[in-house]
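Asks: Show me how the following folds:
(one chain, ligands or ions: 1)
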Amino acid sequence: MKIYRTKDYDDMSRRAANLISAQIVIKPDCVLGLATGSTPIGIYRRLVRQNQEGDLDFSQVTTVNLDEYRGISPDNSQSYRFFMNENLFNQVNIDKRMTYVPDGMEADSQAACRKYDEILRAVGPADLQLLGLGHNGHIGFNEPGDHFKKETHCVTLSERTIQANRRFFDSEEEVPREAYTMGIGTIMSARKVLLVVAGEDKAEIVKTAFFGPVTPQVPASILQFHPDFVLVADEAALSQCDLPLSGQL
Ligand code: GLP
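Replies: Predicted structure coming up:
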């Protein structure tokens, strides 16, 4: 595990965006695993700027997103497809047919998972998988449980996650209770994993996930076993970890 400690959220976004653009420059037809949530927004803003300034070309990039709410259509402003279109895809020269998000509208949830896994297999392992971190240690929507789930599955969201997502909806009733998520096995098969986290409210889970035991009760802890895992975290998020104050972490 490599840790980049950054001053603040902006600094975190810049470091992470640079790692992603380096990936695209090195391999223009790379596969990027992408994430939603508020944390990656600053990264997407920077990637959009680099694209608009002519420094970054998305024309051959394929993307696979981690998750999607069940029962929400792509044009619902709370869907993750909508989020990705707004924050990245509509603003860069990516071929939208090469951007994949689980289908929240498929009535048969098993079919939705199967179809997404077929896409993931066809596209191949992500060259770089971007992740955020839930307060309970979830990645994508892999919630704490008694085992790590390998493939795409339909999850009943935990009460804590529902409450965390509440801010994006008009009322609590509107917050979806179920979601599709890429499995831990698929996430771990990415060649490189980049997890971004900022803010003091995540300090406790950062310590637990990356310096505590590896356990499905804290899904992100599995990343300690990934051969190329990069954690880009601001000082506030690292404030409970016992790390040297300077130099290579
Ligand atoms: C949601 C998403 C996750 C994300 C997490 C943290 O539950 N499914 O992919 O990492 O929220 O979100 P935020 O970055 O807004 O704290």
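
Asks: From here on, just use CA atoms for contacts and neighbour counts.
Replies: Fine.

Asks: for this protein, which spans come out with low pLDDT?
Replies: Scanning the chain for pLDDT under 70 picks out 245-249.

Asks: Spell out which parts of it neighbour the ligand.
Replies: Selection of the chain residues close to the ligand by CA under 6 Å from any ligand atom yields Ala35, Thr36, Gly37, Ser38, Thr39, Leu131, Gly132, Leu133, Gly134, Ile139, Gly140, Phe141.

Asks: Swap in 8 Å and give it another go.
Replies: The chain has residues 35-40, 66-68, 131-135, 138-141, 161, 164-165, 197 near the ligand, with proximity defined as CA under 8 Å from any ligand atom.

Asks: In ChimeraX, select just the buried ones from the residues you listed.
Replies: Buried members of the residues of the chain next to the ligand, defined by 16 or more other CA atoms under 10 Å, are picked up in ChimeraX with:
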select :35,36,39,40,66,67,68,131,132,133,134,135,138,139,140,141,161,197
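
Asks: Just the residues of the chain next to the ligand: which are in strands?
Replies: Counted as lying in strands by DSSP state E, out of the residues of the chain next to the ligand, are Asp67, Glu68, Leu131, Val197.

Asks: all helices for this protein, in order.
Replies: Counting by DSSP state H, the chain has helices at residues 9-26, 41-52, 80-87, 109-123, 159-165, 184-188, 203-211.

Asks: Tell me which other helices or strands the longest one touches.
Replies: Read it as helix 9-26. strand 2-6, helix 41-52, strand 193-197, strand 229-234 (3 or more CA pairs under 8 Å, 6 or more residues apart in numbering; DSSP states H and E).

Asks: ok, now with 7 Å
Replies: helix 41-52, strand 229-234 (3 or more CA pairs under 7 Å, 6 or more residues apart in numbering; DSSP states H and E).

Asks: Check the third one too.
Replies: When contacts are defined as 3+ CA pairs under 7 Å, 6+ apart, helix 80-87 packs onto no helix or strand at all.

Asks: Could I get the buried residue list for stretch 103-121?
Replies: Within stretch 103-121, the residues that qualify as buried are Asp103, Gly104, Glu106, Ser109, Ala112, Cys113, Lys115, Tyr116, Asp117, Leu120, counting by 16+ other CA under 10 Å.
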